[in-house]
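[1] my questions are about this predicted structure, shown below with the sequence.
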Amino acid sequence: MPTPQEIVQTIGLIEDVAEEYGILDSYFVGGYTRTLAIGLPLSEVHDIDVATGKPGRAEQLAMLVAKAGNAKDVHQHHRTSAITVTLGNVEVDFQGHESHEDVRPYVRLWGVEETPITLNIFDRDFTMNALAIKIGTNTLVDYTKRSLYDISRKMVVSVLPADISVKHDPLMITRGIRMAAKFGFQIDKDLWRAMRKHAKRLSKQLSKERLAIEAYVLSKHPRAREYINALGIGYLETKELIETGEKEAED
């Protein structure tokens, strides 16, 4: 687990490299921006996500940051082409070349220019995870025009229509529970309806290993129990599954 100081140092390194090489269309996204928007300490940040406004720039920035920071490890993910650069105790994920075809209509609907960063943002699960900070600034950018509002009212809301999103990615069910339980948020009614409708997809579409990890993570948040019981997925609370998840997470 990285310390707040390590997070700050890594943020500074990325900003310095982006400025030195003129890769200024780069953005911090994901958990780091969510943490700042909610007003939580940097101890809540486990890793850093970076996206760019032009195709291929994230990969270029990843290699430059890895070199400048004497990275412990650089790993390119086969499916997404995303690159994870490990700098000490901090993992930095640079976006890949995903097409994001499914989200293009929604980007157009919101009247937002289609770029790698906007497609990345609209392809995220919840509005609370859909903020961006342009590297070199301290300004949160809300492309969805809903993220800051949903955070202010403490609601977990899907970026795209909930029924479509959850059906496509049932992992949003356990992630939605975790976001609500961890931050003391409520789950949006449309999202909750979709979670109930597609709850059975969890055991059908996720591997046992993935389910075990989700069970282990949820076990850390007592408030998750009420959601688990309401959705009829009590198997996520079984001791055996949680212990398996703990081992999987450690590996």
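    All right, it came through fine. Since this is a predicted model, take the numbers as computed values, not measurements.
[2] from M63, how far off is G56?
    11 Å (CB to CB, to the nearest Å). In short, each C-beta sits where N, CA and C put it, glycine included.
[3] neighbour count for those two, which is higher?
    Neighbour count, other CB atoms under 10 Å: between G56 and M63, M63 has more, with 15 against 10.
[4] which residues touch that one?
    Contacts here follow CB atoms under 8 Å, 6 or more residues apart in numbering; on that basis M63 touches 74, 83.
[5] host element of it?
    helix 57-68 (DSSP states H and E).
[6] just want the most central residue of this protein.
    By CA atoms, centre = their mean, the mean C-alpha position of the chain lies nearest to G30, the distance being 4.6 Å.
[7] so that one sits against A130, correct?
    No: using CB atoms under 8 Å, G30 is not in contact with A130; the gap is 9.0 Å.
[8] what do these two both touch?
    With CB under 8 Å, 6+ apart as the test, G30 and A130 both reach R124.
[9] quick check: F185 vs R108, distance?
    Counting by CB to CB, the separation of F185 from R108 is 29 Å.
[10] more crowded one of those two?
    A direct count of neighbours by other CB under 10 Å for F185 and R108 places F185 higher, at 20 against 11.
[11] would you mind listing where the stretch 51-200 of the chain has pLDDT under the threshold?
    Residues of the stretch 51-200 of the chain meeting the criterion pLDDT under 70: none.
[12] what ranges do the helices span in the stretch 101-250 of the chain?
    104-109, 116-122, 147-152, 162-168, 171-183, 189-197, 201-205, 208-218, 224-231, 239-250 (DSSP state H, counting those that start in this stretch).
[13] need those helices in a markdown table (columns: distance to I7).
    Below are the helices of the stretch 101-250 of the chain laid out as a markdown table (distance: least, CB to CB, whole Å):
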| stretch | distance to I7 |
| --- | --- |
| helix 104-109 | 30 |
| helix 116-122 | 21 |
| helix 147-152 | 20 |
| helix 162-168 | 29 |
| helix 171-183 | 18 |
| helix 189-197 | 29 |
| helix 201-205 | 32 |
| helix 208-218 | 21 |
| helix 224-231 | 26 |
| helix 239-250 | 21 |
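[14] which among the ones you listed is found nearest to F94?
    helix 116-122 (10.9 Å; CB to CB).
[15] name the helices or strands packed onto the closest one?
    If you count contacts as 3 or more CB pairs under 8 Å, 6 or more residues apart in numbering; DSSP states H and E, helix 116-122 packs onto strand 26-29, strand 47-52, helix 104-109.
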